[in-house]
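Undergrad: dropping the sequence and predicted coords here.
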Amino acid sequence: MKTWQKATFIIVLVAFIIASVTISFISMARAPFEYKYQTALESEYSVEGWVLFGFNGNNSTKEVHIDYVRDENGNNPDTSKPVSAVGKFTMNTDEYVEVIHIGKDVKYIDETSFFYCKELKAIEVDGANEYYTSVDGVLYTKDMKKMLVYPIMKENETSKYAIPEGVERIGKCAFYKNEALTEITLPSTLKEIGDMAFFKCEKLLLLTLPDGLKKIGSDAFSYCQEMKPVMFIPASVKEIGSFAFYSCSNLKEFYMGAQGEEQITFGDTWLPKNIKKVVINVAPKEQYGKTRDDAYQRINELITEGGEK
């Protein structure tokens, strides 16, 4: 190696070491709990009060209370400073917390606040909270119209989950990388599935989209590689986001209730790469039944059979 090459290599190596050490010190210097006060005009959440916007946990932090501004160890709550909101990606990819407790004064929780908390088993909400509630450890809005988070390590002996009737939206990343569930029952009231809602749920086998569903978000089912070979998309669906079924390697056939492709807004690369068949306007075709109910029955048979032979 020439002298100038050695010098360049050493300079790059030193710069890399300095950058790594700097990042480490910054990470170490971060407070475990980071809060800020915002007026309604300053806040992107339109909520005035204290916002928990950062969390830097460690292996001694198994439970987190989001109720009042607390000291750096999450203790000594200052009851004069209630937390009103939880910001975007606040506990992003945390590896230690198992239970999150939401206080009565929290008015806003972003759909990504607890994104991919790898050990999370339950989210509990104070019964006096007017905006959110918890059902068996799963986070919902108080009116039960939106589901926000299904904890990734939630104890579930059946590997199945039924979202309650009345829920209209499944939030962004709600089931992100859940590796336990094989079957999820969607409510008849569902209207929207958020972006990345079921991203990389690798063991998910069966999921039936209900009539009335209007939107499937981007990457909603990306990398759900074990899904049944047949998917039926009801005529009510008007929008399918980019990469919605990307890398669903087992999906081979799509049947759609829409009368024509012009009735749906499609994102880029929404279909799996290895798709074999897409059938539009299922119901009127005699081979699928002369009525809509006949068609649905036949599609359900195809799902059970694994597609047409």
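TA: Perfect, thanks for sending it. Numbering: from 1, shown residues only.
Undergrad: tell me how far residue 115 lies from residue 271.
TA: Separation of residue 115 from residue 271 (C-beta to C-beta, to the nearest Å): 26 Å. In short, each C-beta sits where N, CA and C put it, glycine included.
Undergrad: between these two, point out the one with more neighbours.
TA: Set side by side, residue 115 and residue 271 show more neighbours around residue 115, with 20 against 16, by other C-beta atoms under 10 Å.
Undergrad: was I right about that one contacting residue 86?
TA: No: Residue 115 is beyond contact range of residue 86, at 11.3 Å (criterion: C-beta atoms under 8 Å).
Undergrad: got phi/psi on residue 263?
TA: As for residue 263, its main-chain torsions (degrees, to the nearest 10) stand at phi -80, psi -10.
Undergrad: got a list of what the residue lying closest to it once chain neighbours are set aside touches?
TA: Distances taken as C-beta to C-beta, 6 or more residues apart in numbering put residue 238 closest to residue 263, at 7.0 Å, once the chain neighbours are dropped. By C-beta atoms under 8 Å, 6 or more residues apart in numbering, residue 238 lies in contact with 214-215, 263-265.
Undergrad: hmm, who's touching the host helix or strand of residue 50?
TA: According to DSSP states H and E, residue 50 maps onto strand 49-55. With C-beta under 8 Å, 6+ apart as the test, strand 49-55 has contacts from 30-38, 43, 45, 64, 66, 69, 81-87, 90-91, 94, 105, 107.
Undergrad: which of these are buried?
TA: By neighbour count, with 16 or more other C-beta atoms under 10 Å, the contacts of strand 49-55 hold 32-33, 35, 38, 43, 45, 64, 66, 69, 81-87, 90-91, 94, 105, 107 as buried.
Undergrad: among the contacts of strand 49-55, which ones are in strands?
TA: Among these, the members found in strands (DSSP state E) are 33-38, 64, 66, 69, 81-86.
Undergrad: residue 275: which of those residues is nearest?
TA: Sorting these by how near they are to residue 275, with C-beta to C-beta, puts residue 86 at the top with 39.1 Å.
Undergrad: pLDDT value on that closest one, please?
TA: Looking at residue 86, its pLDDT is 95.
Undergrad: thinking again about what came up before, please export the C-alpha coordinates of the strand holding residue 50 as PDB.
TA: Extracted in PDB, the C-alpha atoms of strand 49-55 (Å, rounded to 0.1, in the frame of the first residue of the first chain):
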ATOM      1  CA  GLY A  49     -49.400  20.700  28.000                       C
ATOM      2  CA  TRP A  50     -46.400  18.500  28.700                       C
ATOM      3  CA  VAL A  51     -45.300  16.100  25.900                       C
ATOM      4  CA  LEU A  52     -43.200  13.000  26.400                       C
ATOM      5  CA  PHE A  53     -41.200  13.100  23.200                       C
ATOM      6  CA  GLY A  54     -38.200  10.900  24.000                       C
ATOM      7  CA  PHE A  55     -37.400   7.800  26.000                       C
END
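Undergrad: low-confidence ranges, the protein, go.
TA: By pLDDT under 70, the low-scoring segments of the chain are 1-31, 282-309.
Undergrad: outline the domain layout of it.
TA: The record's domain parsing of the chain by automatic domain parsing lists 1-30, 31-154, 156-309.
Undergrad: strands along the stretch 51-200 of the chain, start to end?
TA: All strands of the stretch 51-200 of the chain, identified by DSSP state E, counting those that start in this stretch, fall at 63-66, 68-69, 78-86, 99-102, 108-109, 122-125, 132-135, 138-141, 146-149, 160-162, 169-170, 183-185, 192-193.
Undergrad: export those to TSV and tack on distance to residue 253?
TA: Output for the strands of the stretch 51-200 of the chain, formatted as TSV (distance: least, C-beta to C-beta, whole Å):
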stretch	distance to residue 253
strand 63-66	44
strand 68-69	53
strand 78-86	41
strand 99-102	40
strand 108-109	38
strand 122-125	37
strand 132-135	35
strand 138-141	32
strand 146-149	28
strand 160-162	24
strand 169-170	24
strand 183-185	19
strand 192-193	20
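Undergrad: and these: which comes nearest residue 224?
TA: The closest of those to residue 224 is strand 183-185. By C-beta to C-beta, the value is 10.5 Å.
Undergrad: what is the closest one packed up against?
TA: In terms of contacts (3 or more C-beta pairs under 8 Å, 6 or more residues apart in numbering; DSSP states H and E), strand 183-185 is packed against strand 160-162.
Undergrad: and the helices in this protein?
TA: With DSSP state H as the definition, the chain shows helices at residue ranges 3-29, 292-305.
Undergrad: so which of the contacts of residue 238 are in strands?
TA: Those of the contacts of residue 238 mapping onto strands are 215, 265, per DSSP E.
Undergrad: farthest-separated two in the contacts of residue 238?
TA: Using C-beta to C-beta, the contacts of residue 238 span at most 13.3 Å, a distance reached by 215 and 263.
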